[in-house]
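**Student:** Take this sequence and fold it.
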Amino acid sequence: MDSLDLKQSIKLLFKLAIRQLKRDKRRTLITGSAISLGLALFIFSDHIQQGSYQSLIKVGISTQAGHIVIQAQEHKDEQKIHDRQKLSKKLSKKPSRKLNQLDQRIEKVTELQMSLEQALSHAKISGLSLARAEIGGLLHSPVGGARTRLLAIDPQLEPKVSDWHKRLVPAKLPQGEKGEPIKSHWLKQDDDRGILLGQKLAERLDLTVGDKVVFSYSYQQENQSRLFRVRGVLKLSSEDQEASTALITLNAYNSSLNTQDQAQKVSIHLEQIDLLPQALAISHKLVKAHQAKQTNARLKLESLSWQEALPALYQFTLKDRQTSLAIFLIMGIMIAIGVLNTVAMSALERQRYFGVMMALGLSPKLMGALLVVEAFVLGIFASMIGLVLGILVSWPAVEYGLDLSEMVGEGMEVGGVVMETTIHAVWHPEGLLLFTSASIILSLLASLWPAWRTTHLSALDAMRGPDTQ
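**Tutor:** Alright, predicted model coming up:
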């Protein structure tokens, strides 16, 4: 037996390993089921996780930022309403110059849009750029008031990147009035008086389509107000968002500030996310050139990727991935311990068998290698079954989505972005390869200690059996 060459030895080991796995069907089935079901669970969880990430990033990019955002550096401190309130109080001591700067922080930045679109087109990068702005204040109706942030958008371009227009719902009539809900309408480009309200905000102010509402805000050291007319109601992903969000046009924003063609930021939405580094480099170059021309500019512009523009969301995805990997690792180790226990028990029960094989000429190293090959063969077959099971279980979640409304209610805010209640899993080929390979490797590693122990047995000790040791 010792005269066998490497090829013959490997062939013999695989033959003996398969024979042993078939002989001990119960143990093989239990261990293989643990590997297969564990791998299927990992694959399903990974697909759901990837789907939730993409959903969050898509919503955040489409409604709050873009793949690339051009804005003033001061705008970083004003991503949330309460931050803007604190900043407004802080600047109230010196409002004349500084407030004017903040309200007009990106004056003429829209001039970058044309040159940026031309540069991206020249680099064969498809994308869309649009301007946005935001202003905080109070909305007043006959029944009360509510602190609100008005998001100024381009009603023609916005539907190409976000789903605000799909969230319009019929507006309920004010309390005490009877009749059918009134149909909501999307904003028009030249509408400088129209406003869309979150559903909870409309209910709190007891407003419906066609009603008037007054918006009060601070500008140039003075309290000012502007009259709007409700055009529609938005059904958003969370009640908190519905209670504090309203949409107006950029024309209405500029009319409120008595300016022209101004915005707080310009966002670029790319068709191919993998071209983001190249597009970001072009944006950095153009912003730097634009800033050099503005010799008297007091506010510096910056070009940010979506990860920089939405740091809370990006950090959440990173931490969640790390947490998930840690959980997957712990579960994998638990499965590997189960495999280790099975292989160890199998080796212990077969000591006399090993002694006979050693007496016939097989070396202890070959006996140890036999255990490794058994675990390797079992790991491959069980992992292939687990891969198929994982794909089959994931398919309904990819095709129809997974409803999490009972867990998160109407929506859950993550990093300033409201997560959808229905998560559609997405196929993740890298995850399939990673988890399947890890399953096979862990099965292989679990057999090393029993194999090492077997290599240190003599034929005589092995034939005596474990009871005599």
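
**Student:** Spatially central residue in this structure, please.
**Tutor:** Y53 (1.6 Å; C-alpha atoms, centre = their mean).

**Student:** Could you give the separation of the host helix or strand of K288 from the chain centroid?
**Tutor:** In this assignment (DSSP states H and E), K288 forms part of helix 276-293. Mean C-alpha position of helix 276-293 versus that of the full chain (C-alpha atoms, centre = their mean, to the nearest Å) differs by 27 Å.

**Student:** same deal with stretch 13-28?
**Tutor:** With C-alpha atoms, centre = their mean as the basis, the mean position of stretch 13-28 lies at 43 Å from the chain mean.

**Student:** Quick check, the residue nearest to the centre of the chain in contact with T317.
**Tutor:** Yes - because the distance of 5.4 Å satisfies C-beta atoms under 8 Å, Y53 is recorded as touching T317. For glycine as for every other residue, the C-beta is placed from the backbone atoms N, C-alpha and C.

**Student:** returning to what we had before: name the helices or strands packed onto the following helix or strand past the helix holding K288?
**Tutor:** Towards the C-terminus, the helix or strand next in line after helix 276-293, according to DSSP H and E, is strand 301-305. For strand 301-305, the helices and strands in contact under the criterion 3 or more C-beta pairs under 8 Å, 6 or more residues apart in numbering; DSSP states H and E are strand 68-72, helix 276-293.

**Student:** Tabulate those in TSV, adding columns for distance to S256 and mean neighbour count.
**Tutor:** Conversion of the helices and strands packed on strand 301-305 to TSV gives the following (distance: least, C-beta to C-beta, whole Å; neighbours: other C-beta atoms under 10 Å):
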stretch	distance to S256	mean neighbour count
strand 68-72	19	25
helix 276-293	26	16
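
**Student:** do you know which of these lies nearest E180?
**Tutor:** Each of these has some distance to E180 by C-beta to C-beta; the shortest is strand 68-72, at 41.5 Å.

**Student:** Quick check: mean pLDDT of the closest one?
**Tutor:** Regarding strand 68-72, the rounded mean pLDDT is 79.

**Student:** now do stretch 210-230
**Tutor:** For stretch 210-230, the mean confidence score works out to 86.

**Student:** domains of the protein?
**Tutor:** Under the assignment named as automatic domain parsing, the residue ranges that make up the domains of the chain are 6-59+315-468, 69-306.

**Student:** Show me the beta-bridge partners of V230.
**Tutor:** Beta-bridge pairing for V230 (DSSP bridges): I195.

**Student:** Tell me the spacing between it and K15.
**Tutor:** When distances are taken as C-beta to C-beta, to the nearest Å, V230 and K15 turn out to be 79 Å apart.

**Student:** And the residue nearest to the centre of the chain, which helix or strand is it part of?
**Tutor:** When secondary structure is defined by DSSP H and E, Y53 falls within helix 25-63.

**Student:** All the helices of the stretch 301-450 of the chain, residue numbers only.
**Tutor:** 306-309, 311-349, 351-359, 364-399, 405-408, 429-446, 448-455 (DSSP state H, counting those that start in this stretch).

**Student:** Out of these, flag the one nearest Q199.
**Tutor:** With C-beta to C-beta as the measure, helix 405-408 is the member of those nearest Q199 (16.7 Å).

**Student:** Between V230 and K15, which has more neighbouring residues?
**Tutor:** Summary of the neighbour comparison: V230 and K15, criterion other C-beta atoms under 10 Å, with V230 having more neighbours (24 against 11).

**Student:** what's near enough to touch the more buried one?
**Tutor:** A171, I195, L196, L197, A202, L207, T208, V209, G210, D211, K212, V213 (C-beta atoms under 8 Å, 6 or more residues apart in numbering).

**Student:** tell me the SS of the fourth one?
**Tutor:** Using DSSP: H, G, I helix; E, B strand; the rest coil, the secondary structure recorded for L197 is strand.

**Student:** burial measure for it, as a count.
**Tutor:** Counted with other C-beta under 10 Å, L197 comes out at 31.

**Student:** Surely it touches L236?
**Tutor:** No - at 10.5 Å, L197 and L236 do not qualify as touching, with contact defined as C-beta under 8 Å.

**Student:** Check the contact between S447 and A369; I expect there is one.
**Tutor:** No - distance between S447 and A369: 9.9 Å, which falls outside the contact criterion (C-beta under 8 Å).

**Student:** neighbour count winner among the two?
**Tutor:** A count of neighbours by other C-beta under 10 Å puts S447 above the other of S447 and A369, at 29 against 22.

**Student:** If you count residues, where's the longest strand of the chain?
**Tutor:** Across the chain, the strand with the greatest residue count (assigned by DSSP state E) is strand 127-141.

**Student:** Could you please name the strands the helix or strand that that one is followed by pairs with and the direction of each pair?
**Tutor:** Past strand 127-141, heading to the C-terminal end, the next element that is a helix or strand (DSSP H and E) is strand 144-153. Applying DSSP bridges, strand 144-153 is found paired with strand 127-141 (antiparallel), strand 245-249 (parallel).

**Student:** Name the nearest residue to D403, ignoring sequence neighbours.
**Tutor:** Nearest residue to D403, sequence neighbours excluded (C-beta to C-beta, 6 or more residues apart in numbering): T422, at 5.2 Å.

**Student:** Please look at that neighbour and S52 and confirm they touch.
**Tutor:** No - at 10.6 Å, T422 and S52 do not qualify as touching, with contact defined as C-beta under 8 Å.

**Student:** Between these two, which is the more surrounded one?
**Tutor:** With neighbours defined as other C-beta under 10 Å, T422 and S52 compare such that S52 has more, 21 against 12.

**Student:** Let me see the confidence value for that one.
**Tutor:** You'll see S52 listed with a pLDDT of 78.

**Student:** wait, it sits on I423?
**Tutor:** Yes - under the contact definition of C-beta under 8 Å, S52 touches I423, with a separation of 5.0 Å.

**Student:** list the contacts for I125?
**Tutor:** By C-beta under 8 Å, 6+ apart, the residues touching I125 are L270, Q272, L275, Q278, A279, I282.

**Student:** mind checking the backbone torsions on it?
**Tutor:** Torsion angles at I125 (phi, psi; degrees, to the nearest 10) stand at phi -110, psi 110.

**Student:** now it: how far from L280?
**Tutor:** I125 is 10 Å from L280, where distance means C-beta to C-beta.

**Student:** now swap in P396 and tell me
**Tutor:** According to C-beta to C-beta, P396 stands 37 Å off from L280.

**Student:** likewise D163?
**Tutor:** When distance is defined by C-beta to C-beta, D163 is 25 Å away from L280.

**Student:** and if you look at A252?
**Tutor:** Distance, A252 to L280, using C-beta to C-beta: 31 Å.

**Student:** what about Q224, helix or strand, and which?
**Tutor:** Using DSSP H and E, Q224 maps to strand 222-234.

**Student:** Just after that strand, pick out the following helix or strand.
**Tutor:** Using DSSP H and E, the next helix or strand after strand 222-234 towards the C-terminus is helix 239-242.
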